Each structure stands twice: as structure tokens, then as C-alpha cells.
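Participant: what's the 3D shape of this:
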Amino acid sequence: MNSKLKFIYEGKAKKIFAYEDSDKVIIEFKDDATAFNALKKAKFEGKGELNCLISSKIFEFLIKNKIPTHYIGLKNNNSMIAQKIKIIPLEVVLRNTAYGSLCKETTIEPGAVLESPLIDFYLKNDTLNDPLLTKDRINLLKIINDEELDFIINMTLKINELLKKFFYNIKLDLVDFKLEFGYNSKGQIVLGDEISPDNCRLWDLNQKNDTIVSLDKDRFRNDLGGFIEAYSEINKRINNFFKSNDFSSI
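Facilitator: Next comes the predicted model:
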């Protein structure tokens with residue numbers, strides 16, 4: 001990254017820099033992998049580039065399908081130009097299939113397909129370990145108003161339908177995913193952060209038996225090995241599909 005660019009912020013997986021246009025930023029993807037609120041850490045060469053390239057293609061697809069996002073374009077293979085947004089301190093998790101924390105906190109068996117998508121909200125606060133929120137607690141904390149919350153719920157459901165089809169076309173099952181939203185310079189709520197195997201749980205549909213093969217951060221989280229290989233496989237499938245299809249028609 002150009003050392004002349006003004007550094008703004010560094011998170012677990014990305015660095016944010018100022019852009020020539022004050023309404024835009026440059027997001028640089030790091031090679032760091034973290035899990036369990038950064039209690040587990042490692043570096044994998046090429047991870048940042050893979051997440052950046054995967055995210056850029058998915059943002060392009062969502063934008064074609066009229067989803068407002070912060071994404072503007074790639075700067076290079078591990079950096080993108082995006083709208084400067086004020087992040088809403090909510091992590092929005094949508095689940096299509098029961099797995100992970102949902103199964104630890106309820107009696108639902110792992111792998112159970114949910115009758116309808118479940119949306120959970122978490123307070124974006126590392127100090128408090130991102131606690132689960134209710135709608136009443138969101139109101140109590142005055143994070144967003146009811147109209148904005150409804151907008152985010154409806155947008156998340158629409159994104160889910162689009163992403164399920166997107167990933168199904170490259171033989172991946174979208175189990176669950178996390179989204180973040182923010183306000184742009186016009187005060188509009190747009191999708192922010194990234195869409196990648198870091199925040200999507202993706203199972204390979206090419207398996208011929210009932211064995212779950214994760215192609216996402218669970219490979220790092222659960223010491224399954226083949227972490228970069230899984231991300232590379234997703235990037236390859238997306239690129240191959242983009243070469244021969246128009247994702248906007250899905």
C-alpha cells in the first residue's frame with residue numbers, strides 16, 4: 001500500500017486508508033486469520049488477496065441485483081475502493097441451516113435445515129464478546145430506529161436469496177453468513193465490510209455422501225487443514241462461472 005495514504009483504522013482482517021476523494025476509502029485485506037474473538041490467530045500468505053477478489057465479485061453481483069453496497073471497485077488484488085461509511089454497531093447473522101453457536105445455545109441438531117431463515121443480531125463490541133441482542137435491546141441502546149431495523153432485515157433476506165442462488169451455481173451450500181451495514185455520506189444505509197469465506201459458512205455440494213466439507217473459516221477455526229486451498233477453490237469456481245455466465249440473470 002502507498003505509504004503516502006493516510007491510515008485511518010486497522011481491524012482483525014483489514015486496514016482502512018483515506019482516498020483522494022473524502023467520501024471514499026481504500027480497504028486493504030490482510031493475510032491474518034482470527035477466530036474466537038481473536039483468541040486464535042495466524043497468518044496465511046495470499047488470504048487477503050483471495051478475500052478481496054472473492055468479495056469484489058460478490059459485491060458486483062449484488063450491485064447488479066440492486067443491493068446498495070459500499071463497494072466501488074478494485075484498486076489492486078488485495079485492496080478495494082469503497083464508500084466511506086459509518087458502521088452501525090450490529091453484526092447481522094442469517095442462518096439457513098443450524099450449526100455453530102445456534103446448536104450450542106439451543107436443542108437444534110447441527111445440520112438441521114431451518115424452516116425459514118433465522119436472523120440474529122449481535123452487538124459489535126469485542127470487549128463484551130459481541131453479545132446476542134433482542135429487538136428491544138436494540139431499541140434500548142438506540143442503535144437504530146424501527147424503520148432502519150426493518151430495512152436491514154428486509155435487505156438481509158433479499159441478500160440471502162441472491163447469495164443462496166449464487167453459491168448454489170458454484171456447488172456451494174450457504175449455511176449462514178454475517179453482514180455489517182453502515183451509513184454513507186448521503187445518510188443511506190448500505191451493505192459494508194466483506195462477503196467472503198471469512199464471514200460465510202459454505203459447504204461443498206460436490207460431496208457424494210453426507211460428509212460435511214467446509215470451504216470457509218471453519219477450516220482454520222476447527223484445525224481442519226487446507227485453509228488457503230479452500231479459499232482458492234471458491235475463488236476459482238467464482239471466476240470460472242463469471243467467465244461463462246451473467247450473474248445478474250440469476
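Participant: Closest to the centroid, which residue in this protein?
Facilitator: residue 195 (3.3 Å; CA atoms, centre = their mean).
Participant: Starting from the host helix or strand of residue 74, tell me which strands it pairs with and how they run.
Facilitator: Using DSSP states H and E, residue 74 sits within strand 71-76. According to DSSP bridges, strand 71-76 forms sheet pairs with strand 79-83 (antiparallel).
Participant: what's the next secondary structure element after the partner strand?
Facilitator: Downstream of strand 79-83, the first helix or strand assigned by DSSP H and E is strand 86-87.
Participant: helices and strands around that following strand, which ones?
Facilitator: strand 181-183 (3 or more CB pairs under 8 Å, 6 or more residues apart in numbering; DSSP states H and E). Yep, even glycine has a C-beta here, placed from its N, CA and C like the rest.
Participant: Stretch 159-176 spans what distance, first to last residue?
Facilitator: Distance across stretch 159-176, first residue to last, is 12 Å (CA to CA, to the nearest Å).
Participant: any weak-confidence spans in this structure?
Facilitator: 1-4, 246-250 (pLDDT under 70).
Participant: any chance you could map the helices in it?
Facilitator: 47-64, 101-105, 135-140, 146-168, 218-221, 227-244 (DSSP state H).
Participant: And the ones you listed: which comes nearest residue 94?
Facilitator: Taking CB to CB, helix 146-168 is the member of the helices of the chain nearest to residue 94, at 5.1 Å.
Participant: angle of the closest one against helix 47-64?
Facilitator: Calculated by axes from the mean of the first three to the mean of the last three CA atoms, to 10 degrees, helix 146-168 forms an angle of 110 degrees with helix 47-64.
Participant: List the buried residues for helix 146-168?
Facilitator: By 16 or more other CB atoms under 10 Å, the buried positions in helix 146-168 come out as 149, 152, 155-156, 159-160, 162-164, 166-167.
Participant: Could you do stretch 203-222 as well?
Facilitator: Buried-residue list, stretch 203-222, by 16+ other CB under 10 Å: 203-204, 214-221.
Participant: Output the strand holding residue 74 as CSV, restricted to C-alpha atoms.
Facilitator: Extracted C-alpha coordinates of strand 71-76, given in CSV (Å, rounded to 0.1, in the frame of the first residue of the first chain):
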residue,chain,number,x,y,z
TYR,A,71,-18.2,-1.3,-3.0
ILE,A,72,-16.9,0.9,-5.8
GLY,A,73,-14.1,-1.1,-7.4
LEU,A,74,-10.8,-2.9,-7.1
LYS,A,75,-7.6,-0.9,-6.5
ASN,A,76,-5.4,-3.9,-6.8
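Participant: Can you list the neighbours in contact with that strand?
Facilitator: 24, 26, 52-53, 55-56, 59-60, 63, 80-83 (CB atoms under 8 Å, 6 or more residues apart in numbering).
Participant: contacting residues for residue 143?
Facilitator: Applying CB under 8 Å, 6+ apart, the residues near residue 143 are 88-90, 123.
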